[in-house]
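Asker: After the sequence you'll find the predicted model.
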Amino acid sequence: MKQLHHTKKCIVKSYIGIIMFLGILIFPGCQTVQKSEPTAPPNIIFLMDDQHRWDALGVVDSSMHTPALDKLAKEGVRFTQAVCQAPMCVASRNSMMFGLYPNQVGIVRNQHGLQDSLLPAKTLMQLLQEAGYETAGFGKTHWGTSSQPFIPSTRGFETRYIGECREQNAVMMIDADPAKKERYNEEVKEYGGGEERPIGYIGKTSEIDEGDHRDGWVFDQCIKYINKRNDERPLFLYLSFLKPHAGHNVPEGYEDFYDLKNTQYAQQPPWEEDHSEHAEGVNRRDMYINFWKDANEEQWKEMTMRYKANCSWIDHMFERTLAALEDKKILDNAIIIYVSDHGEMLGERFYRFNKYCLYESSVRVPFILSGNALPEELKGKLDDRNVELVDVLPTLLSTAGIDHPKKAMGINLLDTTQNRQGTFCALHEKKNQASFMWRNSPYKLILVMNRKANISDYTEEDIISGEFYDLENDPQEWNNLYATSVGNPVLKKMKNELLHQIKSQE
């Protein structure tokens with residue numbers, strides 16, 4: 001009887017199995033759904049450099065040798081219209097890391113930063129650390145100037161190595177390897193503040209080892225950390241270089257990628273003096289004009305070629321970093337971001353160098369998202385949306401499954417339905433004046449206004465002058481249409497949008 005009962009049960013189970021199998025064939029939508037395991041938060045690899053022009057990439061300019069960044073762009077998404085929120089290091093980086101506009105942060109120039117007790121919000125690193133990420137930072141954050149009367153904390157970094165600008169409990173190059181730092185300082189001693197004298201821009205082939213450079217030293221510490229890392233938490237790795245910012249003392253070998261004889265350099269407008277409503281006379285203009293208007297062709301070519309060679313050196317360090325991460329399986333589940341803090345004029349628009357203006361080569365930045373954790377629909381794409389550096393914080397938090405703070409001003413770039421009417425940037429370099437940019441390709445509007453203590457106090461009556469450019473027909477921004485465009489509906493619309501954008505930062 002027991003055997004018969006067992007046989008009947010087997011027959012019943014067989015019939016049930018056959019019925020289920022036939023049901024799957026006939027009604028495939030009725031299959032039993034297996035619950036997938038929750039996806040682990042991706043590692044976030046944040047690559048950054050300083051003063052890297054938006055077009056200094058091989059995928060944009062075929063004369064550039066940047067294979068690592070080109071590969072990230074081709075495998076990921078490159079945002080073609082990205083801009084910074086202030087064209088200088090301290091203000092731009094603070095804005096990006098808090099996800100707030102410079103006026104909201106309280107840092108609008110390359111000025112002393114904020115003490116930790118006065119910060120307007122938590123940094124990106126602090127938010128990730130609180131969510132369970134290991135946070136390791138190598139290189140420049142620039143919370144303030146090197147001469148400020150206090151030392152900021154690492155603001156969310158557990159592991160911290162820096163070449164310049166001291167932070168509490170960070171390992172500094174000057175302390176860990178003083179002889180290397182001294183060799184670097186000796187090589188650039190004639191380059192002046194920020195290494196931005198004309199001789200610093202012309203530069204030379206470096207006579208010291210890569211590891212004696214501040215960026216080379218930071219890179220070495222990053223590679224050592226990656227190779228020794230033993231942590232089960234998701235990783236936020238930040239690697240930020242000081243170059244291709246001048247000086248252009250490039251390690252040996254990287255100039256070989258370029259043909260000095262055929263190097264193209266900035267062409268000058270047909271002017272006898274500077275024409276810039278918002279940035280005339282700003283930041284050592286006399287020094288640059290007086291030198292470069294008489295510079296010979298070889299000096300122009302060397303300056304331009306070595307800037308490009310600096311980009312290639314930085315790219316090679318990114319390439320070696322990504323290879324080390326791949327060897328450790330850290331890229332098996334990762335989002336990779338690459339940005340710069342602002343651009344570089346390289347002598348354009350009447351001998352204008354570095355940044356400190358709202359023209360294209362200064363405000364536009366390279367911006368790439370890549371990695372295998374990037375949504376498939378974004379891979380291999382160009383994205384022409386109006387993108388800003390304040391979008392970095394909400395986008396990266398989104399990849400980690402973290403809600404971004406309500407006061408954050410950016411958008412989540414992984415959501416392709418999110419966009420804005422235009423992009424915003426501000427300049428506060430002229431006494432008693434503030435200049436605000438609104439860019440919506442192909443047009444750009446710059447308003448010069450009487451400076452107010454509070455962002456909410458700006459009105460149309462505060463406008464002193466303006467600049468209006470048709471970027472499609474005048475990409476060099478030589479032809480200011482503002483005075484001749486009274487009544488132009490595009491100008492009127494953009495002016496209203498810009499004034500509304502300023503007010504929205506209250």
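Answerer: It's in.
Asker: contacting residues for Gln407?
Answerer: For the record, residue 407 is Lys, not Gln. Leu100, Ala121 (C-beta atoms under 8 Å, 6 or more residues apart in numbering). C-betas here are computed from N, CA, C, even on glycine.
Asker: Please report the distance of it from Val390.
Answerer: Counting by C-beta to C-beta, to the nearest Å, the separation of Lys407 from Val390 is 11 Å.
Asker: Look up the residues that both of those two are in contact with.
Answerer: Leu100.
Asker: and the nearest residue to Phe353 once chain neighbours are set aside, which of the three is it?
Answerer: Among residues not flanking Phe353 along the chain, Tyr288 sits closest, at 5.0 Å (C-beta to C-beta, 6 or more residues apart in numbering). Following DSSP: H, G, I helix; E, B strand; the rest coil, we place Tyr288 in the helix state.
Asker: I'd say Tyr288 and Pro198 touch.
Answerer: Yes: taking contacts as C-beta atoms under 8 Å, Tyr288 lies within contact range of Pro198: 7.1 Å.
Asker: shared neighbours of the two, which are they?
Answerer: If you check Tyr288 and Pro198 against C-beta under 8 Å, 6+ apart, no residue is contacted by both.
Asker: Can you report phi and psi for Cys425?
Answerer: Here is the backbone geometry of Cys425 (degrees, to the nearest 10): phi -150, psi 150.
Asker: which residues does it form a beta bridge with?
Answerer: Beta-bridge partners for Cys425, by DSSP bridges, are Met437.
Asker: tell me, how many neighbours does it end up with?
Answerer: Burial of Cys425 is recorded as 28 neighbouring residues (other C-beta atoms under 10 Å).
Asker: Might you report the residue contacts of it?
Answerer: Cys425 neighbours (C-beta under 8 Å, 6+ apart): Val83, Cys84, Gln85, Ala86, Pro87, Leu358, Val363, Phe436, Met437, Arg439.
Asker: Around the last one, count how many other residues there are.
Answerer: The local packing count at Arg439 equals 25, with neighbours defined by other C-beta under 10 Å.
Asker: swap in the second one?
Answerer: Cys84 is flanked by 32 other residues according to other C-beta under 10 Å.
Asker: Same check on the first one?
Answerer: Residue crowding around Val83 was assessed by other C-beta under 10 Å; the count is 27.
Asker: residues contacting it?
Answerer: Counting by C-beta under 8 Å, 6+ apart, Val83 has contacts Val363, Arg364, Val365, Val387, Glu388, Leu389, Thr423, Phe424, Cys425, Met437, Arg439.
Asker: can the residues you listed go into a markdown table with extra columns for distance to Val105 and pLDDT?
Answerer: Below are the contacts of Val83 laid out as a markdown table (distance: C-beta to C-beta, whole Å; pLDDT from 0 to 100):
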| residue | distance to Val105 | pLDDT |
| --- | --- | --- |
| Val363 | 18 | 98 |
| Arg364 | 21 | 98 |
| Val365 | 18 | 98 |
| Val387 | 19 | 98 |
| Glu388 | 14 | 98 |
| Leu389 | 12 | 98 |
| Thr423 | 18 | 98 |
| Phe424 | 14 | 98 |
| Cys425 | 14 | 98 |
| Met437 | 18 | 98 |
| Arg439 | 21 | 98 |
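Asker: Give the buried subset of those residues as a ChimeraX selection command.
Answerer: Those of the contacts of Val83 that count as buried under 16 or more other C-beta atoms under 10 Å are selected in ChimeraX with:
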select :363,364,365,387,388,389,423,424,425,437,439
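Asker: His316: which of the contacts of Val83 is nearest?
Answerer: Proximity of those to His316 (C-beta to C-beta) peaks at Val365, which lies at 20.5 Å.
Asker: Kindly confirm whether my reading is correct that that closest one touches His52.
Answerer: Yes: using C-beta under 8 Å, Val365 is in contact with His52, at 7.3 Å.
Asker: what touches both of those two?
Answerer: Ser340, Gly343.
Asker: can you pull the buried residues of the strand or helix carrying Trp217?
Answerer: Using DSSP states H and E, Trp217 maps to helix 214-228. By neighbour count on 16+ other C-beta under 10 Å, the buried set for helix 214-228 is Arg214, Asp215, Gly216, Trp217, Val218, Phe219, Asp220, Gln221, Cys222, Ile223, Ile226.
Asker: What mean pLDDT does that helix get?
Answerer: Mean pLDDT, helix 214-228: 98.
Asker: Next: stretch 375-386.
Answerer: 97.
Asker: And for stretch 115-135?
Answerer: 97.
Asker: what's it in contact with?
Answerer: By C-beta under 8 Å, 6+ apart, stretch 115-135 touches 41, 44, 97-100, 104-106, 114, 137, 150, 152-153, 155-159, 231, 233-236, 238, 392-393, 396-397, 400, 402, 404-405, 407-408.
Asker: Selection in PyMOL covering whichever of these are buried, please.
Answerer: Per 16+ other C-beta under 10 Å, the buried members of the contacts of stretch 115-135 correspond to this PyMOL selection:
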select buried, resi 41+44+97+98+99+100+104+105+114+137+152+153+155+156+157+158+159+234+235+236+238+392+393+396+397+400+402+404+405+408
